[in-house]
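Novice: Build me a model from this:
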Amino acid sequence: MSDFEKTRSAGYLANHMARLFAHGLAERIRPLGLAPAQFMTLLELWREDGITQRDLVARLDVEQATMANTLKRMERDGLITRRAHEGDARARTIHLTDRARDLQPAAEAAAASVNAQAVKDLSEEERVAFVAAMHKVIAALKD
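Specialist: Numbers count the residues shown, from 1 in each chain. Predicted coordinates:
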């Protein structure tokens, strides 16, 4: 693909932007002892503690094996515990530790700083339109 085509390719630009966001986030949460996959998982658990691995896989749209590895690492790092599911003997629920709860303000601030940097040159109207357009593109790709 030529440079000219790359600058007009929504897929190329979205992928490039995602890599830059991921790098910026990784740099900011590294001092907290977190990796981006752990942060995304924590976002869901901060929203709703005690959900299952299957719930996390569906919500984050990741592979089962990827989530299993992330949770194993998070358990090792003292961020989560697993408990037997009350209604399903085959399932286990994922619960935040106090350490994970304590990380929430700093981790969310780190992510907010990446987002603020990314849209700093956009007006409020452009920012709202940009985020709305991203939602539309994501929905179209899920069809």
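Novice: hey, let's count contacts and neighbours off CA atoms from now on
Specialist: Will do.
Novice: Give me the most central residue, the protein.
Specialist: The structure's the chain has its C-alpha centroid closest to Met40; by CA atoms, centre = their mean the separation is 2.8 Å.
Novice: Which residues lie in contact with it in this structure?
Specialist: Met40 makes contact with Leu60 under the criterion CA atoms under 8 Å, 6 or more residues apart in numbering.
Novice: and if you look at Glu27?
Specialist: For Glu27, no contacting residues are found, by CA under 8 Å, 6+ apart.
Novice: quick one: low-confidence ranges for the protein?
Specialist: Residue ranges of the chain with pLDDT under 70: 1-4.
Novice: please redo it, this time with the cut-off set to 80
Specialist: 1-7, 85, 87-89 (pLDDT under 80).
Novice: Helix, strand, or coil at the residue nearest to the centre of the chain?
Specialist: Following DSSP: H, G, I helix; E, B strand; the rest coil, the label given to Met40 is helix.
Novice: do the same with Thr93
Specialist: strand.
Novice: hang on, isn't it packed against Gly50?
Specialist: Yes - with contact defined as CA atoms under 8 Å, Thr93 and Gly50 form a contacting pair (5.2 Å).
Novice: And the residue lying closest to Glu63 once chain neighbours are set aside, how far from Ile51?
Specialist: Nearest residue to Glu63, sequence neighbours excluded (CA to CA, 6 or more residues apart in numbering): Val57, at 6.5 Å. Distance of Val57 to Ile51, computed by CA to CA, to the nearest Å: 11 Å.
Novice: I'm done for today, thanks for sticking with me.
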